[in-house]
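Participant: Have a look; sequence and predicted model below, questions after that.
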Amino acid sequence: CKAGFYNLQENNPYGCQPCFCFDVTNQCQSVPWYREQITTMQGWTVRAPQGERFVYPRDDGFNRITVPHFEASRDLGNVYYWSAPREYLGNQLESYGGVLRYTVSYRVQDRGDSGDPSARPTLDIDVIMEGNGRSITYTENRQVGPSVEETIAVYLIP
């Protein structure tokens with residue numbers, strides 16, 4: 001491959017992929033890493049954007065965790081984020097080219113339902129990834145209606 005490109009593959013119509021390393025280098029090479037799917041829902045917390053305050057979500061089963069908005073907003077303020085457990089943290093270079101999928105929903109109280117009457121969708125940054133002194137954010141800007149589950153896919157490529 002010419003300078004700034006790597007990973008020559010016969011099934012790639014362009015031959016090589018462009019090198020992208022967040023302006024750290026333009027010298028790339030393929031490595032024999034593999035990706036595995038991380039799906040654990042254990043160890044997640046919900047945190048305020050600044051500070052160490054957090055609340056624990058509830059395990060709803062079916063590989064799903066929830067946090068009542070009235071509890072989280074009381075302890076953390078109106079904007080708060082899910083914080084991943086250690087399995088998702090650390091050096092995630094092997095995630096390059098992968099997909100981060102998550103599902104969001106909210107419920108409002110309706111006719112005796114146990115939902116939260118003050119719940120509203122968050123119109124802020126959806127994903128924040130930090131490391132090596134850098135921060136990358138992703139915002140979906142998708143309007144999610146009450147009691148509707150929306151699955152979001154974030155492709156981890158430049």
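Facilitator: Structure's in. What do you need? Numbers count the residues shown, from 1 in each chain.

Participant: Please make it C-alpha for all contacts and neighbour counts, starting now.
Facilitator: OK.

Participant: so who does the residue positioned nearest the centre of the chain touch?
Facilitator: The chain has V127 as the residue nearest its centroid, 4.6 Å off, counting by C-alpha atoms, centre = their mean. Residues in contact with V127 (C-alpha atoms under 8 Å, 6 or more residues apart in numbering) are 137-139.

Participant: Then V46?
Facilitator: Contacts of V46 by C-alpha under 8 Å, 6+ apart are 54-57, 67, 72, 80-83.

Participant: run the last query once more with 6 Å
Facilitator: Each residue near V46 by C-alpha atoms under 6 Å, 6 or more residues apart in numbering is listed here: 54-55, 81-83.

Participant: Would you agree it falls within a helix?
Facilitator: No: assigned with DSSP: H, G, I helix; E, B strand; the rest coil, V46 falls outside any helix and is strand.

Participant: roughly how far apart are it and Y14?
Facilitator: As judged by C-alpha to C-alpha, to the nearest Å, V46 and Y14 stand 43 Å apart.

Participant: now could you export just the CA positions of stretch 30-47 as PDB?
Facilitator: Extracted C-alpha coordinates of stretch 30-47, given in PDB (Å, rounded to 0.1, in the frame of the first residue of the first chain):
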ATOM      1  CA  SER A  30      -2.500  -4.600  10.000                       C
ATOM      2  CA  VAL A  31      -2.500  -6.600  13.200                       C
ATOM      3  CA  PRO A  32      -3.900 -10.100  13.900                       C
ATOM      4  CA  TRP A  33      -6.400  -8.900  16.600                       C
ATOM      5  CA  TYR A  34      -9.900 -10.100  16.800                       C
ATOM      6  CA  ARG A  35     -13.000  -8.500  18.300                       C
ATOM      7  CA  GLU A  36     -15.300 -10.100  20.800                       C
ATOM      8  CA  GLN A  37     -18.700  -8.900  21.900                       C
ATOM      9  CA  ILE A  38     -19.100  -7.400  25.300                       C
ATOM     10  CA  THR A  39     -22.600  -7.600  26.600                       C
ATOM     11  CA  THR A  40     -22.400  -7.600  30.400                       C
ATOM     12  CA  MET A  41     -24.900  -5.400  32.200                       C
ATOM     13  CA  GLN A  42     -23.300  -5.900  35.600                       C
ATOM     14  CA  GLY A  43     -21.300  -3.000  37.100                       C
ATOM     15  CA  TRP A  44     -23.000  -0.100  35.200                       C
ATOM     16  CA  THR A  45     -23.600   3.100  37.100                       C
ATOM     17  CA  VAL A  46     -25.400   6.400  36.300                       C
ATOM     18  CA  ARG A  47     -23.300   9.500  36.900                       C
END
